[in-house]
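> any chance you could fold what I've pasted below:
(2 chains)
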Amino acid sequence: MTHLAIENVSVDFGGIHALRDVTFGLETGSIVGLIGPNGAGKSTLLNCISGITRPTRGRVRLGDTVLSAMSSAAIARQGIGRVFQHPELVAELSVHDNLLIACHLSLRYGLFSELLRLPNVRQQEGSAAERVAGVLARLGIADSAEARVGSLPYGHRKLIDLGRALLMDISFLLLDEPIAGLNDGEIARLREILLGLRREFGLGILVVEHNMPFVSGLCDRLVVLDLGQLIANGPPAQVLGDARVMSSYLGEALDA
Amino acid sequence: MTAAADIIRVPGSRTAWSLAAALVGLCFLLACAAPLGVNGYGLYLLTLTEIFALVALGLNFLTGYAGQISLCHASFFGVGAYATAILTQKAGVPYLLSLFAGAAFTTAIGAIVAVPSLRLKNIYLAIATLGFGVVLQKIIFEWRSLTGGGGGMALTAPHIAGYELSATGLYYLTLVLMTLGLFGAWNVSRGRTGRALLVIKDSEIAAGSLGIHAARYKVIAFAISAFYAAIAGGLFAYLVRYINPESFSVGLSISFLSMVVIGGLGTIGGSILGAAFYVIVPELLRGIKDAPGLVFGLLLVLVMVFMPQGLWGMLRRLGRRSRR
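Numbers count the residues shown, from 1 in each chain, chains lettered A, B, ... in the order given. Coordinates of the predicted model:
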């Protein structure tokens, strides 16, 4: 079991304190929901873990490895997968080719072999294509493998972005508002996929999401941020009963 | 099942592939037979087209795939030309060896030029590469003892395995090297490097999240494109048999960039079409009294307005329509 630790992380943007001394952790095999009102610092925290934003103070650790000094590419190589709120896909490529991009780290041939497309290139590309086909089947979108990504509906594109993370041999998955823009059927399918990933591969999942029924039904634990500070961390039932959480966030959501 | 997937299917059928393969084969046969049907000047134009196509194929990695603008490729072309010429003429190194040694040297320079590209984007990168181009051109100009300075260098015919390389021989050598360059470009386009470059163009953040080091791949793209430009330069030097620093100005860099854009960014066939357009069309316009430059300029405008995907994108659209 590996531990992903966020230790006293603060992020300042100019004079704005986006995160203040946030500390919590998650294990592989657990699903943790990160909730809080808009501007609470949830996406900033995901950016800190995946190396897009550097913590001003504090650090992020994966087991004994300190991640917070690494580039985002190096952090991805450590097995931290990131799925963005808005899918970052190459619109002019097919679904299959977009997923093939995520096999980058498992393809180990050099540029010279690639220029000549030597047998090792063909063999590795072949097995990457098989893994892509496997993920397409898992996501239930195998029949759109050859479709151009730009032509697909938003919900499909979000699934493809998730599929990319799955091809990367990760131990932790960071999801930013995965169900925004999805219909009920797609939400139910996403839930099954995430539970399946935990069951089969023991993935640790950190999910930022506004939809309370979805997070409380999916997560083992909820972490609540408000104005950059951690205000609650515990099982959904306990956190949702917390008076401070109620006033800062849920009250707002219920009013809306 | 999924409606959208049915509406837009990428045409990847077997018939389309065999048709494409047959077309490529036909073009290659035509290119092989071409010296039989043209005069000396025609042969010169065809060789020049192949040389420019080689530059465009390389630049397409950088501009078409990775989305980086370079205004110093004429200088890479020039460094390749001078390095090959100096090694062959002054050091007596065999021509083919000089060609590749010169290209290796230029590749290293390309990698160095890439360093500012790690921090700069878009127009800022263009200006930085413009500066590099001017510096390289100036070095060639000032290093008189080696390059002959502004007076240039006149070259004697190269020899391969003891035989003097005729104009036809140079045409075939260029054809072989361009075909190899084409093969390499096609392979990279469907390999991990080609895909990594495409992601970098779209979003460096996405690239990072997939474990792709954007900086590393930008250096690779600069280096490969400099290699292609330098090989082309080494062929060009012996096509024209006289080189001077003026031949490798910023104007030529802009022409190279236009070839890639006119042909179709990120497409391999487009690089070749773009080069052909740049060499052949002005020749066809020569008959128009006093106005070939004007008409050529207007044609560039029209191509960009009506074919934003370039000549290759236009051909692809026509091909798709005819199959329907």
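> flag every residue of the stretch 101-250 of chain A that's near chain B.
For the stretch 101-250 of chain A, the residues found near chain B under the criterion C-beta under 8 Å from any C-beta of the partner chain are A:101-105, A:107, A:109, A:111, A:114-117, A:121, A:125, A:141, A:143-144, A:146-148, A:151-153, A:156, A:164, A:168. Just so you know, the C-beta spots here come from the backbone N, C-alpha and C atoms, and that holds for glycine as well.
> give me the buried entries from these.
Neighbour-count burial (16 or more other C-beta atoms under 10 Å in any protein chain shown) is assigned, among those, to A:101-105, A:107, A:109, A:114-115, A:117, A:121, A:125, A:141, A:144, A:147-148, A:151-152, A:156, A:164, A:168.
> ok so, going back, narrow the residues of the stretch 101-250 of chain A next to chain B to those in helices?
When DSSP state H is applied, these are split such that A:101, A:111, A:114, A:115, A:116, A:121, A:125, A:156, A:164 fall in helices.
> contact partners for the last one?
Listed by C-beta atoms under 8 Å, 6 or more residues apart in numbering or on different chains, the contact partners of residue A:164 are A:83, A:98, A:99, A:101, A:102, B:210.
> surely the last one touches residue A:106?
No: contact criterion C-beta atoms under 8 Å: residue B:210 and residue A:106 do not qualify, at 11.3 Å.
> those two: who's more crowded?
More crowded of residue B:210 and residue A:106, by other C-beta atoms under 10 Å in any protein chain shown: residue B:210, with 26 against 15.
> next one: phi and psi at that one?
Taking degrees, to the nearest 10, you get phi -100, psi 10 for the backbone angles of residue B:210.
> and for the one 10 residues further on?
The phi and psi values for residue B:220, taken as degrees, to the nearest 10, are phi -60, psi -40.
> what's the separation between it and chain A?
Here the distance between residue B:220 and chain A works out to 7 Å (C-beta to the nearest C-beta, to the nearest Å).
> number of nearby residues for that residue?
Neighbour count for residue B:220, taken as other C-beta under 10 Å: 22.
> wait, what's in contact with it?
Residue B:220 sits next to A:111, B:193 when contact means C-beta under 8 Å, 6+ apart.
> local confidence estimate at it?
According to the prediction, residue B:220 has pLDDT 94.
> cool, and residue B:12?
You'll see residue B:12 listed with a pLDDT of 51.
> mind listing the residues bridging to residue A:81?
Taking DSSP bridges, one obtains residue A:173 as the residues bridged to residue A:81.
> surely it touches residue A:172?
Yes: here residue A:81 reaches residue A:172: they are 6.9 Å apart, a contact under C-beta under 8 Å.
> quick one: which of those two has more around it?
When neighbours are counted by other C-beta under 10 Å, residue A:81 comes out ahead of the other of residue A:81 and residue A:172, with 26 against 23.
> need the contact list for the more buried one.
Counting by C-beta under 8 Å, 6+ apart, residue A:81 touches A:165, A:166, A:168, A:170, A:172, A:173, A:174, B:209.
> residue A:194: how many residues sit nearby?
Counted with other C-beta under 10 Å, residue A:194 comes out at 20.
> likewise residue A:177?
By the criterion of other C-beta under 10 Å, residue A:177 has 19 neighbours.
> that one contacts residue A:215, doesn't it?
No: the criterion here is C-beta under 8 Å, and residue A:177 misses it with residue A:215 at 10.7 Å.
> what values do phi and psi take at residue A:84?
The phi and psi torsions at residue A:84 (degrees, to the nearest 10) take the values phi -80, psi 160.
> an error on my part: the question was meant for residue B:68.
When quoted as degrees, to the nearest 10, the phi and psi of residue B:68 stand at phi -100, psi 140.
> now do the one 3 residues further on
In this entry, residue B:71 is assigned phi and psi values of phi -110, psi 30 (degrees, to the nearest 10).
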